[in-house]
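Novice: kindly generate the corresponding structure for this input.
(chains A and B)
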Amino acid sequence: MSESQQLKILITEDNIADCLIINKLVKDQGYRTVIAHNGLESIESYKKEKPDIILMDALMPQMDGFEAAKRIKLLVGEDFVPIIFLTSLSDDISLVSCLEAGGDDFLSKPYNSIVIAAKINAFKRMVVLHRTVQEQRDEITRRNEYLLQEQKIAKRVFDNVAHLGCLGAPNIKHLLSPMSVFNGDVLLASKKPSGGMIVFLGDFTGHGLPAAIGAMPVAEIFYGMVAKGFGVETILEEINKKLHIILPVGFFCCACIIDMDYSWQRIKLWNGGLMDVLLKDNEGQVLSYPSSHLPLGILSPDKFSSECVNSDMKVGERIYLFSDGIVDLQDKQGNEFELDGFAGFLFENKNPDEIFEHVIDQDKLSGEANAESNDDVTFVEITMVADDVIAGKHELVESSEQHGARDWVMSFEMFDHTIRDFNPIPLMLHVTMEVPELRAFNNDVCMILSELITNGVDHGILGLDSNLKITANGFQEYYNLRNARLNQLSGESLHISLRHKPNKFGGVLIIRVVDTGSGFDVRKLNVGFPEMSQLSGRGIPLLRTLCESVVYEGSGNTVEAVFRWKNTQDDT
Amino acid sequence: MTFKQLETAQIEELQLMLEDEFPEFVRTFISHSDNLISLMKEQLSAQDNDAFIIGIHSLKGSCRNIGAELLANSCLEVELLARKESILSVDPELLTICQEFTELKETLSKLARI
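Specialist: Take a look at the predicted model:
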């Protein structure tokens, strides 16, 4: 095509003398020519020869140039094959007919070699340009397909890391509407080994691949740390530290984390930069928890605060989390679904089961109204449920590891400030998980450990009365007192020892916790009255269900719990 | 050299461009036009308006191409007559056109030395 010789020109002219002249003129410019003598021949020649440019006489016997031009333009499809009319017609109407038939230009008789050369040249440039555009378009299409393919593979990896966790739980409803293969929003949920659940909603700046990449370490940290028994504060600190290191300046993650405690009917909430989290209580009131922190990834670890809000949440109450994409959702009147509008809707709505469906409808409407959707929209509804007590089934663990640690003792003692600042449960779980088959009982072990340690610290060392928690305001009082006493610790210690012994059915884990407190009367903890202990004293009956024995010694500041486990594989 | 029937500049350009092929071109032009004129006479007697207009239009165009303005203008008059009034208004023998074409043939033949 770059060589003019390669350009092929179809000449359609019924007058043999004229045809001779134009053919000579075009050939002299260095182009190849093909001749047709009427419209029908012209169409046949076009199909056979695929010329680059067509010169077309207007009036011809058999089929005139207008009709032939129309039919050829239908055949060329998305290619560009210019048709230049050869005409001695000069009235406006005739020239308009040429254009309407798909003609691109005219050449009038008598022919002038300079004009012909210039016109063919101009169209040659357009043909080349058109082909370049087409080639580039095809190249872009190919690259885009390649990119999508790559993204699909990456998404598979991504989905394995940022999996949905326990988002399938019956008390969670969620809506995720990704703008592209990846979603800039990340929604994670995981059951705590000690019962209850932690939910994380993050909205990264931007969307698509750059936003999704940041979600990978978040998911990795979240699932890893929740499974190991870390609290939300530590998890937040870790995620913030990681994002602070890896995200470029100006990129961050607006996030909210909620720790759902089913047994105490409490939530612990941290909101950094996300829309107000809304809670609809059983009395129909809507409480809002606005952002009180900067988003994750902005502050350095020393400036970051993981301080959470604690609140009651009764069974059946629902809490709503969403990314800012919800503001762009349109209601049925086409108005934007502003946050106030949503809070108002939440307040007015009497049937809580309809709320989630309503938002889904808005999302659909919005999608129809605006095909090029604006932002990622994530919407989550979580309902408080009654204690799920002991996590159901123990998953089978393939004991392929023959070399695990099965017969050992370990002891750990912490003092004053460490009692206040350090959560020993992840460390303890880390050790117990060295027994390969015991990993299936991770939840049970975690629950026993947290009960024993909490009792040891709260009641043993700090001397707090769990009956305080029964009243509505009692919780706050309890925590205030707890914090105050933790800051005054002096000469106190908590000693934890673990002993694991294998036997031919499985093994026995003996947990012993000794505190330096003045002791307490175990009977005061409502041990004998489980029906009264639903709110505050649930710990000890729970221990009794899980353990073979729980024995308090001395003045009550030493407790020993025996957890006997059977290898489930041997059972069947 | 000047001719009543031909625009000098136009025919000289053609001569230059076609070089050795000029005599062949002149022969083609003459035989094609002869053909057209006898066809047009038949179309006139058959009162085939459309075919006649295509023929006279074609002859007009090729005359302009070689610079035969006199004949081209005569063709134009007849074409307009046929288009605007009726083929019946056209001289069935095309006397003016035939006469001018005969003179053009002589001039062209001399030029092409045929």
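
Novice: for the rest of this, base every contact and every neighbour count on C-alpha atoms.
Specialist: Will do.

Novice: name the SS class of the residue lying closest to B:Thr96 once chain neighbours are set aside, please.
Specialist: Excluding its sequence neighbours, the residue lying closest to B:Thr96 (CA to CA, 6 or more residues apart in numbering or on different chains) is B:Ser74, at 7.6 Å. Per DSSP: H, G, I helix; E, B strand; the rest coil, the local secondary structure of B:Ser74 is helix.

Novice: test my guess that A:Asp259 contacts A:Ile267.
Specialist: Yes: with contacts counted by CA atoms under 8 Å, A:Asp259 reaches A:Ile267, the gap being 5.5 Å.

Novice: about what we covered before: I figured the residue nearest to B:Thr96 hits B:Ile97, correct?
Specialist: Yes: counting by CA under 8 Å, B:Ile97 is a contact partner of B:Ser74 at 6.6 Å.

Novice: quick one: which of those two has more around it?
Specialist: Ranked by neighbour count (other CA atoms under 10 Å in any protein chain shown), B:Ser74 and B:Ile97 place B:Ile97 first, with 18 against 15.

Novice: contacting residues around the more buried one?
Specialist: Applying CA atoms under 8 Å, 6 or more residues apart in numbering or on different chains, we find B:Ile97 in contact with B:Leu71, B:Ser74, B:Cys75.

Novice: A:Leu147: which of those is nearest?
Specialist: B:Cys75 (65.7 Å; CA to CA).

Novice: spatially nearest residue to the closest one (excluding sequence neighbours)?
Specialist: B:Lys60 (5.4 Å).

Novice: in three-state terms, label A:Gly165 for me.
Specialist: A:Gly165 - assigned by three-state DSSP - is coil.

Novice: ok, A:Val34 next?
Specialist: Following three-state DSSP, we place A:Val34 in the strand state.

Novice: quick check: closest non-adjacent residue to it.
Specialist: Counting by CA to CA, 6+ apart, the residue nearest A:Val34 is A:Leu10, at 4.7 Å.

Novice: any idea what the one you found is bridged to?
Specialist: A:Val34, A:Ile54 (DSSP bridges).

Novice: the residue nearest to B:Cys75: what secondary structure?
Specialist: Per three-state DSSP, B:Lys60 ends up helix.

Novice: can you tell me which residues contact it?
Specialist: By CA under 8 Å, 6+ apart, B:Lys60 lies in contact with B:Leu71, B:Ala72, B:Asn73, B:Cys75, B:Leu76.

Novice: burial measure for residue 6, as a count.
Specialist: Let's take chain A. 12.

Novice: hmm, I had chain B in mind actually
Specialist: Counted with other CA under 10 Å, B:Leu6 comes out at 21.

Novice: burial measure for the residue lying closest to it once chain neighbours are set aside, as a count.
Specialist: The shortest distance from B:Leu6 to any non-neighbouring residue, by CA to CA, 6+ apart, is to B:Ala68 (4.7 Å). As a burial measure, B:Ala68 scores 24 neighbours (other CA under 10 Å).

Novice: isn't B:Ala68 right up against B:Ala9?
Specialist: No: in this structure, B:Ala68 is not within contact of B:Ala9 by CA under 8 Å, at 11.0 Å.

Novice: and stretch B:23-42, how far from the chain's centre?
Specialist: Distance, stretch centre to chain centre, for stretch B:23-42: 8 Å (CA atoms, centre = their mean, to the nearest Å).
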